[in-house]
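Asker: Pasting a predicted model and its sequence here:
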Amino acid sequence: MAVVSGNIKDVVGASFTGKFPQLLFTLNAPQTKEGGVIFPREPVKVTPAANGSWSVDLAPTVEMLDDAWYTVQIVWVKSIVPRTFGGYNFPDWQLQVPLTGGAFSDLFGKPPKNTRMVYVSLAPPTDPRPFTLWLKDDPSDPANPLNTGNVYEWSKS
């Protein structure tokens, strides 16, 4: 198992008061790995601490034999706030888990709406998605002698 950790806050960066979120991590489909292991789509539930921090043990998706990721859902298990809160689904969030686990913010990817995203920098983007474009230029200094104007495109090999 791999430990994934994170922190959940409200939109002003504070811990939730009177609301009790629970995070659900569910595989995109039933999965398998070598040795005959089967992983069902049963959600893994995590209740954050009072300060919003949480961690969860998840099976690494990199060991699974099919294209695997976890989807994320937030549900309110109880609330002392007068309104009733339902669940929030994030079906586009794809949490891919390496053997080492890691911070949630480093592991999830939301497929971009603009599949022709162009990065403009002197250094190439790290871990770009397939078909990402990179313009090798300094966006803060058009006169930089290191600017090449070259455009590169990534594809999965």
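Answerer: Ah, there it is.
Asker: Starting from residue 96, give me the distance back to the residue nearest the centre of the chain.
Answerer: The C-alpha lying nearest the average C-alpha coordinate of the chain belongs to residue 108 (CA atoms, centre = their mean; 1.1 Å). In this view, residue 108 and residue 96 are 8 Å apart by CB to CB, to the nearest Å. The C-beta positions use only the backbone N, C-alpha and C, and glycine is treated the same way.
Asker: Also residue 131?
Answerer: Using CB to CB, we find residue 131 at a distance of 18 Å from residue 96.
Asker: More neighbours: these two, which one.
Answerer: Ranked by neighbour count (other CB atoms under 10 Å), residue 131 and residue 96 place residue 96 first, with 15 against 12.
Asker: Report the contact partners of the more buried one.
Answerer: Residues near residue 96 by CB atoms under 8 Å, 6 or more residues apart in numbering: 61, 62, 68, 69, 70, 107, 108, 109.
Asker: and residue 72, how many residues sit next to it?
Answerer: Neighbour tally, residue 72, other CB under 10 Å: 21.
Asker: where in this structure is pLDDT low?
Answerer: 78-87, 89, 91, 110-117, 129-130, 155-157 (pLDDT under 70).
Asker: Okay, now stretch 56-70: how far is its last residue from its first?
Answerer: One end of stretch 56-70 to the other measures 12 Å (CA to CA, to the nearest Å).
Asker: Pull out the buried positions in that stretch.
Answerer: 56, 58, 59, 60, 61, 63, 64, 68, 69, 70 (16 or more other CB atoms under 10 Å).
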